[in-house]
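>>> the sequence isn't on hand, but the structure is:
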């Protein structure tokens, strides 16, 4: 007769085995914005039916307001470190000459190894794009903590116009060794992922960073067995003239190969113990974007990405979440999915910006952050360089060239210039949200304040009891009506820079001023500040 304690022991052995077999797969797709994904009701006119990605939904959470960085490398650096770009130094694509991710950064596989030394298999399959590409850089993924790397180091597999090279002829690095691969890259990535998992002990949990190059350029015609559109010629002339259907075909092929990987997880008995994360690394390339500015910009079309977390750790699955999340939040989330809830104590001197999404997955809360942040800064400074921060309704963009834009995304989700609230009259609610966001940005980044205190002014008619300013917008002169003549005048730029100071302003010629927003402070016994627009 069996002792009841024997069954208790068996139960705990079974429970511990389950805990030890927890796996996490992070699937990153390249240059796929939320707008092409049929899983989102607000998708664009052009769409791809993600039949296999959709298989994640019944046991997952779909995030509607996920932000990434505007470019590949910064997003990947943020995911692996949980740190914003101004901390990692990776604000642009890494192409061999640009700043690379510092080899001493505490990325996910390093922390997992601190948490469970050699207890979790850690593989990076596919696109790396974080360090140099010369032979010296071939070992970077494994030097930085992955047990196995098999894929490409570069951002793109070839360039547009090169049909021979690219997805069917590319340089593959396997643990520091270079070779030429002629197998279709998307297919090869899945083959490599399956082979690696098969090579590991069946009871050893694994973290798989599966980063596809698709549907990044060069656009091309995928293998016929992976797509349904048989009307595509595949000629370079057709691809150049009509890139969208090829982008869609590449995404469909990607989805089909993801489905083959899912089938493997099911057949190998790992589906029920594996949490799967699916994300895009930034918005669509401008060649196929349904809204511009897109990839490479801090506008919504550049940073809003598909984001799903699915698996056994999701409580009350098949739901959507409207809270603000950032791709950098995957750092803490993945560590905590493996049970490492004390990760910060393991890297005590590292500043981490990541917020674990585990409470959302466990259905304990609907939100873990009140704002989200993104930025871009290129090796060669560009007019698009800048930072963006948003809360539930409002978004503030601060460009490095001094341009500033402020939108209510709930009321006007399209970020056109005529929707920029700073060009009109700020309501008290607008002012409150502007102040909140710029103060949060200042606190986060440090240094001089990002806030312009003059923007707290709200003068809808640009007049008070005694003074009226006209015309507004002005072109070269500022005229006043009903004033005493004893006033002092100060004209400021929208960044708070003093442009003019004096007792008389009406005879001044401001035609050389750049178009934009200015503030006129008039002081007599009291002070009043008025917002003006120069055209």
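Thanks, I have it. Quantities reported herein were computed from a predicted structural model and do not represent experimental measurements. Numbers count the residues shown, from 1 in each chain.
>>> any residues touching stretch 267-280, and which ones?
For stretch 267-280, contacts defined as Cβ atoms under 8 Å, 6 or more residues apart in numbering pick out 18, 21-34, 53, 56, 60, 66, 68, 197-198, 262, 265, 305-314, 327, 330, 333-334, 337. The C-beta positions use only the backbone N, C-alpha and C, and glycine is treated the same way.
>>> quick check on those: which are buried?
Those of the contacts of stretch 267-280 that meet the buried threshold are 21-34, 53, 56, 60, 66, 68, 197, 262, 265, 305-314, 327, 330, 333-334, 337, by 16 or more other Cβ atoms under 10 Å.
>>> from the residues you listed, which ones fall inside strands?
Using DSSP state E, the members of these that fall in strands are 23-29, 60, 66, 307-310.
>>> and the closest residue to residue 227 other than its chain neighbours, what does it touch?
Of all residues not flanking residue 227 in the chain, residue 249 sits nearest, at 4.7 Å (Cβ to Cβ, 6 or more residues apart in numbering). Shown in contact with residue 249 (Cβ under 8 Å, 6+ apart): 221-222, 227, 229, 232.
>>> to what extent is residue 179 buried, counted in neighbours?
9 (other Cβ atoms under 10 Å).
>>> paired strands for whichever strand or helix holds it, with orientation please.
If you go by DSSP states H and E, residue 179 is part of strand 177-181. The strands beside strand 177-181 in its sheet (DSSP bridges) come out as strand 170-174 (antiparallel).
>>> and residue 324, what element?
strand 319-326.
>>> buried stuff in that strand?
321, 323-326.
>>> including pLDDT and distance to residue 206, could these go into TSV?
Below are these laid out as TSV (pLDDT from 0 to 100; distance: Cβ to Cβ, whole Å):
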residue	pLDDT	distance to residue 206
321	98	26
323	97	29
324	98	30
325	98	24
326	98	25
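>>> and which of those residues is nearest to residue 506?
residue 324 (47.4 Å; Cβ to Cβ).
>>> please verify my assumption that the closest one contacts residue 370.
Yes - when contacts are counted by Cβ atoms under 8 Å, residue 324 is listed as touching residue 370 (7.4 Å).
>>> overlap of the contact sets of these two?
Contacts common to residue 324 and residue 370, judged by Cβ under 8 Å, 6+ apart, are residue 391.
>>> show me which helix runs longest in this structure.
helix 243-267 (DSSP state H).
>>> let's check: the centremost residue of the chain is which one?
residue 68 (0.4 Å; Cα atoms, centre = their mean).
>>> next, that residue: phi, psi?
Note on residue 68: its backbone torsions stand at phi -120, psi -170 [degrees, to the nearest 10].
>>> list the contacts of it.
By Cβ under 8 Å, 6+ apart, the contact list for residue 68 reads 75, 78, 279-283, 303-305, 326-327, 374.
>>> right, and residue 218 touches residue 157 too?
Yes - using Cβ under 8 Å, residue 218 is in contact with residue 157, at 7.3 Å.
>>> what touches both of these two?
Taking Cβ under 8 Å, 6+ apart as the criterion, residue 218 and residue 157 both touch 166-167.
>>> mind checking which of those two has more residues around it?
Neighbour count, other Cβ under 10 Å: between residue 218 and residue 157, residue 157 has more, with 25 against 19.
>>> about what we covered before: partners of the next helix or strand after the longest helix of the chain, with directions?
Using DSSP H and E, the helix or strand that directly follows helix 243-267 along the chain is strand 274-280. Here strand 274-280 is paired, per DSSP bridges, with strand 23-29 (parallel), strand 307-310 (antiparallel).
>>> for residue 516, grab phi and psi.
phi 150, psi -160.
>>> same thing with residue 417?
phi -60, psi -40.
>>> for residue 436, which non-adjacent residue is spatially closest?
That would be residue 391: by Cβ to Cβ, 6+ apart, it lies 6.9 Å from residue 436.
>>> my read: that neighbour touches residue 432, true?
No - at 10.6 Å, residue 391 does not count as touching residue 432 under the criterion of Cβ under 8 Å.
>>> so which of these two has more stuff around it?
In terms of neighbours (other Cβ under 10 Å), residue 391 is the more surrounded of residue 391 and residue 432; the figures are 17 against 13.
>>> pull the contacting residues for that one.
324, 370-371, 433, 436-437.
>>> quick one: the residues you listed as TSV, columns for secondary structure too.
Conversion of the contacts of residue 391 to TSV gives the following (DSSP: H, G, I helix; E, B strand; the rest coil):
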residue	secondary structure
324	strand
370	coil
371	coil
433	helix
436	helix
437	helix
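>>> what is the nearest of those residues to residue 497?
residue 437 (21.2 Å).
>>> which strand residues bridge residue 304?
residue 67.
>>> count of residues packed around it?
The burial count for residue 304: 23, using other Cβ under 10 Å.
>>> for residue 345, same thing?
With other Cβ under 10 Å as criterion, residue 345 counts 8.
>>> so it sits in a strand?
No - going by three-state DSSP, the assignment for residue 345 is helix, not a strand.
>>> give me the local confidence score for it.
Residue 345 carries a pLDDT score of 97 in this model.
>>> so that it lines up with my notes, have the first residue be 42 from now on.
Done: numbering now begins at 42, and the last item shifts to residue 386.
>>> might you report the residue contacts of it?
Per Cβ under 8 Å, 6+ apart, neighbours of residue 386: none.
>>> from residue 111, how far out is it?
33 Å (Cβ to Cβ, to the nearest Å).
>>> and what of residue 427?
On the measure of Cβ to Cβ, residue 427 and residue 111 end up 10 Å apart.
>>> residue contacts, residue 455?
By Cβ under 8 Å, 6+ apart, residue 455 lies in contact with residue 332.
>>> which SS state does it fall under?
Following three-state DSSP, we place residue 455 in the coil state.
>>> cool, residue 257 as well?
On the basis of three-state DSSP, residue 257 is classed as coil.
>>> give the contact list for it.
Taking Cβ under 8 Å, 6+ apart, we find residue 257 in contact with 71-72, 113, 196-198, 326.
>>> from the residues you listed, which two are the most distant?
Using Cβ to Cβ, those span at most 14.2 Å, a distance reached by 198 and 326.
>>> so what's the residue count around the residue lying closest to residue 262 once chain neighbours are set aside?
With sequence-adjacent residues excluded and distances taken as Cβ to Cβ, 6+ apart, residue 262 is closest to residue 275, at 3.4 Å. Neighbour count for residue 275, taken as other Cβ under 10 Å: 13.
>>> which stretches of the stretch 42-191 of the chain form strands?
Under the criterion DSSP state E, counting those that start in this stretch, strands of the stretch 42-191 of the chain are mapped to 64-70, 101-108, 162-168, 189-193.
>>> quick one: which of those strands is nearest residue 82?
strand 101-108 (9.2 Å).
>>> which stretches in the stretch 442-576 of the chain count as helices?
Using DSSP state H, counting those that start in this stretch, the helices found in the stretch 442-576 of the chain span residues 469-486.
>>> check contacts around residue 531.
539, 541-542, 561-562, 564.
>>> now swap in residue 350 and tell me
101-102, 104, 316-318, 374, 398, 402.
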